[in-house]
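# build me a model from this:
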Amino acid sequence: MLNCLWALVILAAVAAVSGAPQRGQLVAEGHLVAGHEGRVIYDPNERQWAFVPNEPITDGKGTLPAEEKTALLSCSVLEQMIRLAGEQ
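Presented below is the predicted three-dimensional model:
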């Protein structure tokens, strides 16, 4: 059910190292993502939800590479998605 994002997702941060070009550039914190497909996953070790886009996402200044997880801020949209998926 979480394979297709149908709502705005707030990105918490994109971890990228300036000397590692394969990781991409930073996307602004709080950048809204609408209309991009991907997965929302839960990492029990980090106890955090993350978004993994199917295609690269850019804000015009930086890029979130495809298949790289990005931490999600807690918000009402994320809470609704978790409830709809039956997760706790």
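# all the strands of this structure, residue numbers only.
9-10, 32-33, 38-43, 48-53, 57-58, 63-64, 70-71 (DSSP state E).
# mind listing what the third one pairs with, with the direction of each?
Read that as strand 38-43. Partner strands for strand 38-43, per DSSP bridges, with pairing direction: strand 48-53 (antiparallel).
# any idea of the mean pLDDT for stretch 28-46?
Computed over stretch 28-46, the mean pLDDT rounds to 83.
# equivalent analysis for stretch 52-69, please.
Averaged across stretch 52-69, the pLDDT comes to 89.
# now for the closest residue in space to Leu78 that isn't next to it in sequence, how many residues are close by?
If the residues on either side of it in the chain are set aside, Leu78 comes closest to Leu72, at 5.6 Å by CB to CB, 6 or more residues apart in numbering. C-beta: built from backbone N, CA, C; applies to glycine. The criterion is other CB atoms under 10 Å. On that basis, Leu72 has 20 neighbouring residues.
# dump stretch 57-66 to PDB, keeping only the CA atoms.
Extracted C-alpha coordinates of stretch 57-66, given in PDB (Å, rounded to 0.1, in the frame of the first residue of the first chain):
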ATOM      1  CA  ILE A  57      14.200  13.900  -7.000                       C
ATOM      2  CA  THR A  58      15.600  17.400  -7.300                       C
ATOM      3  CA  ASP A  59      14.800  20.800  -5.800                       C
ATOM      4  CA  GLY A  60      16.800  22.600  -8.500                       C
ATOM      5  CA  LYS A  61      19.900  22.800  -6.200                       C
ATOM      6  CA  GLY A  62      20.400  19.300  -5.000                       C
ATOM      7  CA  THR A  63      19.400  15.800  -5.900                       C
ATOM      8  CA  LEU A  64      18.000  12.900  -3.900                       C
ATOM      9  CA  PRO A  65      19.200   9.800  -5.700                       C
ATOM     10  CA  ALA A  66      16.900   6.900  -6.600                       C
END
